[in-house]
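[1] all I have is the shape, not the residue letters:
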């Protein structure tokens, strides 16, 4: 995800230059930076969505967090928006999780498990898998694709916020792993053996905010 790396690098360079200019007395930059720094968070979410090619939950949450932080730093409200935003976010996550779990019974529907302050495991048995989503928010989630069939390619959106995700894929599948780690990470722990260049390809797009995503062939 080169656009994400470019954005993060650009933000760091800009803040570094502002710090140098402020230190040598050229400009008084820190007051402005202290008020507008959440724009960097908003931009990170937008760039993440653009890099993935579609709007997935992870970048959307990053944008929302950035907007809430910006409203607080600019004193646009009478009180803090942080706790109301967190309540709305977690409440929406619960409702979204209920809706998503109802669709998991359909064989040809991509599994979209949501782990919220707990754990969940979903086995996807789609006959023509093209897309799946999995989210872990202060919890752990396992998306098992070993019984699914991919005609050519499939995309998996994995969002870990203070949580961990395990994506299980069959041996012989090709795996393309990338994403947006924000104080988090992701690992491809699938077998290192030779893979048929015409084998099904699964692209795992990760957003890991203080969390982690692990792609492997067998559960731990």
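    Yep, that arrived. These figures come from a predicted structure and were not determined experimentally. Numbering: from 1, shown residues only.

[2] off-centre distance for whichever strand or helix holds residue 213?
    Following DSSP states H and E, one finds residue 213 within strand 212-216. Remark: strand 212-216 is offset 12 Å from the chain centroid, using Cα atoms, centre = their mean, to the nearest Å.

[3] and that strand, what does it pack onto?
    strand 153-161, strand 164-168, strand 174-182, strand 185-188, strand 201-209 (3 or more Cβ pairs under 8 Å, 6 or more residues apart in numbering; DSSP states H and E). All C-beta atoms are positioned from the backbone trio N, CA, C, and that covers glycine.

[4] which secondary structure elements does the fourth one contact?
    The one in question is strand 185-188. strand 174-182, strand 201-209, strand 212-216.

[5] where does the prediction get shaky in the protein?
    1-5, 51-59, 82, 85-86, 88-118 (pLDDT under 70).

[6] one more pass at 50, please.
    Residue ranges of the chain with pLDDT under 50: 1, 96, 98-111.

[7] give me the element the residue lying farthest from the centre of the chain is part of.
    In the chain, residue 25 marks the outermost C-alpha relative to the chain mean, sitting 39.6 Å out by Cα atoms, centre = their mean. Of the helices and strands defined by DSSP H and E, none includes residue 25.

[8] ok, residue 64 next?
    helix 57-73.

[9] how far is that helix from where the chain is centred?
    With Cα atoms, centre = their mean, you get 14 Å for helix 57-73.

[10] other SSEs contacting it?
    helix 30-36, helix 38-52, helix 82-103, strand 153-161, strand 174-182, strand 201-209.

[11] just name the most buried of these.
    A comparison of these by mean neighbour count, using mean count of other Cβ atoms under 10 Å, puts strand 153-161 on top with a mean of 25.

[12] that strand - contacts with which helices or strands?
    helix 57-73, strand 131-137, strand 164-168, strand 201-209, strand 212-216.

[13] mind listing the strands the third one pairs with, and their directions?
    To tie it back to what came earlier, the one meant is strand 164-168. When sheet partners are counted by DSSP bridges, strand 164-168 sits next to strand 140-144 (parallel), strand 212-216 (parallel).

[14] gap between the residue lying closest to residue 7 once chain neighbours are set aside and residue 10?
    Spatial nearest neighbour of residue 7, excluding adjacent residues (Cβ to Cβ, 6 or more residues apart in numbering): residue 47 at 4.4 Å. Distance, residue 47 to residue 10, by Cβ to Cβ, to the nearest Å: 10 Å.

[15] same check, this time on residue 196
    Residue 196 is 40 Å from residue 10, by Cβ to Cβ.

[16] shouldn't residue 127 be in contact with residue 150?
    No - contact criterion Cβ atoms under 8 Å: residue 127 and residue 150 do not qualify, at 9.8 Å.

[17] mind listing what residue 43 touches?
    Under the criterion of Cβ atoms under 8 Å, 6 or more residues apart in numbering, the contact list for residue 43 reads 7, 11, 66.

[18] give the buried residues for stretch 21-31.
    By 16 or more other Cβ atoms under 10 Å, the buried positions in stretch 21-31 come out as 22, 29.

[19] related to what we said a few turns ago, nearest to residue 206 among the contacts of residue 43?
    Nearest to residue 206 among these, counting by Cβ to Cβ, is residue 7 at 16.3 Å.

[20] by contact count, what packs against the helix or strand hosting that closest one?
    Assigned by DSSP H and E, residue 7 belongs to helix 2-23. In terms of contacts (3+ Cβ pairs under 8 Å, 6+ apart), helix 2-23 is packed against helix 30-36, helix 38-52.
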